[in-house]
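Participant: here's my sequence, what's the structure:
(one chain, ligands or ions: 1)
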Amino acid sequence: MSQELGIPQVSTGDIFRKNIAEETKLGIEANKYISKGDLVPDDITVPMLEERLKCEDAKCGAILDGFPRTIEQAEKLDEMLSNMGKKVDLVVNLVTPKEEIIERMLTRIVCTNQDCKTTYNTKLNPPKQEGICDKCGAPLKQRSDDSDPEAIKRRLEVYEEKTSPLTGYYEEKGILQTETVSQKINRMGIDVAKDLVEKLKK
Ligand code: AMP
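Facilitator: Residues are numbered from 1 along each chain as shown. A predicted model of the protein is given here:
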């Protein structure tokens with residue numbers, strides 16, 4: 001979507017992982033929460049996101065991934081965008097059965113090259129050569145929070161408690177699009193992405 005629409009994908013999780021890999025102060029602090037499956041506090045996450053959105057490449061928009069995760073973050077996002085003369089145009093809520101989410105976390109592997117970050121799945125979308133990224137040749141590895149059953153459980157609890165209320169927040173604003181993605185109905189994220197690109201390009 002990012003390539004097709006010419007706007008960056010801004011993933012708070014990716015920014016945290018880059019900082020963790022580089023062992024920055026922010027990364028070390030954020031990892032205390034991420035490793036347990038908890039949300040990183042807003043006083044770290046919100047300014048980090050705001051700084052990213054002010055970058056030149058996000059001037060014409062961005063695809064936010066993993067932010068906002070709470071009603072408070074959504075309110076802060078509205079405020080920060082309004083100060084920039086912008087707004088949230090569309091929110092996509094991807095709904096997948098819980099067992100499938102857990103299975104996909106356990107089989108997900110990601111490229112360790114922080115400028116590549118390509119995601120694979122050992123069952124659904126394996127790399128050509130085991131453990132090596134097709135695109136850049138860097139080693140692939142499992143995310144530490146995907147290999148820990150306790151962290152997975154906590155992430156799902158946090159989603160139910162803190163993130164799921166966001167559907168009501170955006171439904172009220174009339175900008176929510178809910179999509180079921182599941183192997184059971186043969187519709188995956190890539191299919192939604194293709195449809196969205198068509199819709200947004202019109
Ligand atoms: P993700 O890559 O989106 O799955 O995020 C990985 C982890 O980073 C989450 O489990 C949280 O610990 C943290 N994280 C990512 N985005 C946020 C956010 N918007 N607010 C708080 N923590 C976040």
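Participant: tell me which parts of the chain are close to the ligand?
Facilitator: Proximity of the chain to the ligand, by C-beta under 6 Å from any ligand atom, involves residues 12-13, 16, 33-34, 37-40, 45, 66-67, 69, 73, 145, 155. Any C-beta I mention is one placed from the backbone N, CA and C, and that applies to glycine too.
Participant: inside strands: which ones of the residues you listed?
Facilitator: With DSSP state E as the criterion, strands contain none of these.
Participant: closest to the ligand out of those residues?
Facilitator: For the residues of the chain next to the ligand, the minimum distance to the ligand (C-beta to the nearest ligand atom) is 1.9 Å, reached by Gly13.
Participant: what is the burial count for the closest residue to that closest one other than its chain neighbours?
Facilitator: Computed as C-beta to C-beta, 6 or more residues apart in numbering, the closest residue to Gly13 that is not its neighbour in sequence is Gly66, at 4.6 Å. Neighbours of Gly66 under the rule other C-beta atoms under 10 Å: 15.
Participant: kindly report the same for the one 4 residues further on.
Facilitator: As a burial measure, the neighbour count of Thr70 was computed by other C-beta under 10 Å and equals 19.
Participant: count of neighbours near the closest residue to it other than its chain neighbours?
Facilitator: The shortest distance from Thr70 to any non-neighbouring residue, by C-beta to C-beta, 6+ apart, is to Lys162 (4.8 Å). Counted with other C-beta under 10 Å, residues neighbouring Lys162 total 17.
Participant: touching, Lys162 and Gln73? I think so.
Facilitator: No: applying C-beta atoms under 8 Å, one finds Lys162 not in contact with Gln73, separated by 9.2 Å.
Participant: check contacts around the residue nearest to Thr70.
Facilitator: Going by C-beta atoms under 8 Å, 6 or more residues apart in numbering, Lys162 touches Leu39, Arg69, Thr70.
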